[in-house]
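Trainee: one predicted model, sequence on top.
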Amino acid sequence: MSKFNKLVESHPLVLVDFYADWCGPCKAMAPELVKLKNELGDKVKIVKINTEKHTSLSREYSIRSIPTLILFKDGKKVVQQAGGMRLAQLKSLLSPHL
């Protein structure tokens, strides 16, 4: 958990994608996250967390469905959203915090 806390505190804006390898919507969202990173560059750090490998972290953040995105601003959780999203939805999720 301390490694995760250091990770979300390492950048002003960190978007964490909780996913599983077998999850279809998670796979569909991966290219959208790449597009988001290409558009926003260093404004956001995107991190992927496999829920099956990091079960305690998934429990800590009450991950009940995947994909789930959590946005951290200055190390504090500001948004938690479950479900797949397209680029426009991702941008609108982040825009109030940029």
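Mentor: Nice, I can see it.
Trainee: so what pLDDT did the residue nearest in space to the middle of the chain get?
Mentor: Among the residues of the chain, residue 16 comes closest to the average C-alpha position under Cα atoms, centre = their mean, at 2.3 Å. As predicted, residue 16 sits at a pLDDT of 97.
Trainee: begin at 49 from here
Mentor: Renumbered: residue one is now 49, and that last one reads residue 64.
Trainee: show me what it is bridged to.
Mentor: Judged by DSSP bridges, the bridge partners of residue 64 are residue 95, residue 118.
Trainee: my read: it touches residue 114, true?
Mentor: No: counting by Cβ atoms under 8 Å, residue 114 is not a contact partner of residue 64; they are 11.9 Å apart. For glycine as for every other residue, the C-beta is placed from the backbone atoms N, C-alpha and C.
Trainee: any stretches of the protein with poor pLDDT?
Mentor: Where the chain drops to pLDDT under 70, the residues are 49.
Trainee: all helices of it, in order?
Mentor: 50-57, 72-88, 103-108, 135-142 (DSSP state H).
Trainee: which parts of the last one are buried?
Mentor: When burial is assessed from 16 or more other Cβ atoms under 10 Å, helix 135-142 yields the following buried residues: 135, 138, 139, 141, 142.
Trainee: residues contacting the fourth one?
Mentor: Right, residue 141. 117, 119, 127, 129, 133 (Cβ atoms under 8 Å, 6 or more residues apart in numbering).
Trainee: for residue 138, same thing?
Mentor: Applying Cβ under 8 Å, 6+ apart to residue 138 gives the contacts 80, 81, 84, 117.
Trainee: give me the distance between the second one and residue 103.
Mentor: Applying Cβ to Cβ, to the nearest Å, the value for residue 81 to residue 103 is 22 Å.
Trainee: the more surrounded of the two?
Mentor: Neighbours around residue 81 and residue 103, counted as other Cβ atoms under 10 Å, are more numerous at residue 81. The numbers are 20 against 11.
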